[in-house]
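**Student:** Show me the folded form of this:
(one chain, ligands or ions: 1)
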Amino acid sequence: MNPIFPYPPFDYASLDTPTPYYIIDRALIRRNMRILADVQEQAGCRVLLALKAFSTWGVFDEMSPYLAGVAASSLNEARLGYEHFSKEKDIHVYSPAYSLDEMRELCKYANHIVFNSLQQWKMLRGVVENCGREIRVGLRINPEYSEVSHAIYNPCTTRSRFGVRLENLLDAGPDALDGIDGLHFHTMCQQGSDVLQRTLQVVCERFEPFFEKVKWINFGGGHHITRMGYDIQRLIRIIKDFRAKYGLEVMMEPGETHVIHTGFVVGTVLDVIENPNGVDVLILDASAAAHMPDILEMPYTPEILGARRVVDDCDAPLDEGLFKYIVGCKTCLSGDVIGEYTFSRPIKVGDRLTLEDMSQYTTCKNTTFNGIQLPSIVSCDSDVDGGAFRVHRRFDYQDFKNRLS
Ligand SMILES: *Cc1c(COP(=O)(O)O)cnc(C)c1O
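**Tutor:** Numbers count the residues shown, from 1 in each chain. All right, here's what the predicted structure looks like:
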């Protein structure tokens, strides 16, 4: 079972509200925020929330007091950050490409805009410089070094479209960075400060001559700072050493680290399919494909409170007193299966299951595939007696219909 939750601080499945629902524990968010605020203070850097990973603005008031701002990947996210995170804090934007119309609008909200290519900067420079607001401009570089093995999450493959490679930057001549005052790289995914250390070494070896032309550098996302076992002291040391050596402002824009181990999906078992060929299958009213897509995309098997994952030894004999089930979902996609688990009791129709670690890349990434009900968005505060739960949003037929024509 997950070492973070030997027992749950709150019975997330007990709420008197229909399933499925996402439930975010505001006390657990504050725990992560205190860690990140501490990093900012000790390392002298700015930590932004990448909205791509988590943009559930109903709980932004638990986050914005601790953070330097947000990192958006689109006009919509930039506007959301401006309107619901904070108008006073930094709104950074990076996108692989911008349209002219998008850039005109972005200039109303962003105070840092990162370009993916020198050509885009040349095309859109006039808009940024004449918008009447002070905007700092950055360029994404591609260090051509990443320790991410899964190709779909690796921005440094030879076919990558992300960032300017050293060769292209050198080809652009001595004035390549004219008007640009920051650099940005993003090469990591769910990794530790050891990976940052090795990555930064490559970035410095390749791009050091350009550091004196800029004022700031953004170390991107993928830093799993709040995870158990992450070496925070090393992160602080890396940033302090870098700042001392180059005199640049340092910022980072992780997404999931802000909310790991803070959220759950609660679903109800609608049926138990007896399977003569093996393990009985539960049908849950939530869906991996529609509500927790990374389960299938990564892929991985999430923890379920009170259950144990059967990961390797699927055919091993069951321990005495354990009940084994495949947890499947209520869509018609055959592969919409969460995984195989053992429980210490038989599971019946009507039982609720609580899936762990479901804040990141869920609410911001879900769909109504199959017309399936979107989970409500609920929060609670396990530091408060009774849990102080709030239903932020329920979804209905109109939400489904309005996106379709
Ligand atoms: C996805 C992404 C992030 C956030 O990544 P996490 O893995 O959620 O920390 C930050 N910056 C950029 C450019 C990204 O594409």
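
**Student:** helix, strand or coil for N76?
**Tutor:** The three-state label given to N76 by DSSP: H, G, I helix; E, B strand; the rest coil is helix.

**Student:** again with K87
**Tutor:** K87 ends up coil, using three-state DSSP.

**Student:** Just give me the neighbour total for it.
**Tutor:** Neighbour count for K87, taken as other C-beta atoms under 10 Å: 10. All C-beta atoms are positioned from the backbone trio N, CA, C, and that covers glycine.

**Student:** OK, contacts around it?
**Tutor:** Not one residue lies near K87 by C-beta atoms under 8 Å, 6 or more residues apart in numbering.

**Student:** any idea what sits nearest C332, other than its immediate chain neighbours?
**Tutor:** Closest residue in space to C332, ignoring its immediate chain neighbours: N370 at 6.0 Å, by C-beta to C-beta, 6 or more residues apart in numbering.

**Student:** same thing with A37?
**Tutor:** Y66 (4.3 Å).

**Student:** And the one you found, how close does it get to V349?
**Tutor:** As for Y66, its distance to V349 is 43 Å (criterion: C-beta to C-beta, to the nearest Å).

**Student:** The two: which is more packed in?
**Tutor:** Using other C-beta under 10 Å as the criterion, Y66 and V349 rank with Y66 on top: 19 against 11.

**Student:** Name the helix or strand for that one, please.
**Tutor:** Assigned by DSSP states H and E, Y66 belongs to no helix or strand.

**Student:** how close does it sit to the ligand?
**Tutor:** Separation of Y66 from the ligand (C-beta to the nearest ligand atom, to the nearest Å) stands at 16 Å.

**Student:** tell me which parts of this protein are close to the ligand?
**Tutor:** 50, 52-53, 71, 94, 186, 189, 220-222, 253-257 (C-beta under 6 Å from any ligand atom).

**Student:** Looking at those residues, which are in helices?
**Tutor:** Using DSSP state H, no member of these falls in helices.

**Student:** Highest neighbour count among those?
**Tutor:** A71 (32 neighbours).

**Student:** Now the residue nearest to A37: phi and psi?
**Tutor:** phi -100, psi -20 (degrees, to the nearest 10).

**Student:** which residues does I24 contact?
**Tutor:** Counting by C-beta under 8 Å, 6+ apart, I24 has contacts 56, 59, 259, 262-263, 359, 377-380.

**Student:** Mind jotting down where the strands sit in the stretch 251-400 of the chain?
**Tutor:** With DSSP state E, counting those that start in this stretch, the ranges of strands along the stretch 251-400 of the chain come out as 263-273, 280-284, 307-309, 323-329, 337-343, 352-356, 376-380, 390-393.

**Student:** of all the ones you listed, which lies closest to E167?
**Tutor:** strand 263-273 (42.3 Å; C-beta to C-beta).

**Student:** and the closest one, what does it pack onto?
**Tutor:** Contact analysis of strand 263-273 by 3 or more C-beta pairs under 8 Å, 6 or more residues apart in numbering; DSSP states H and E lists strand 21-25, strand 280-284, strand 352-356 as its packing neighbours.

**Student:** Cool, thanks, signing off.
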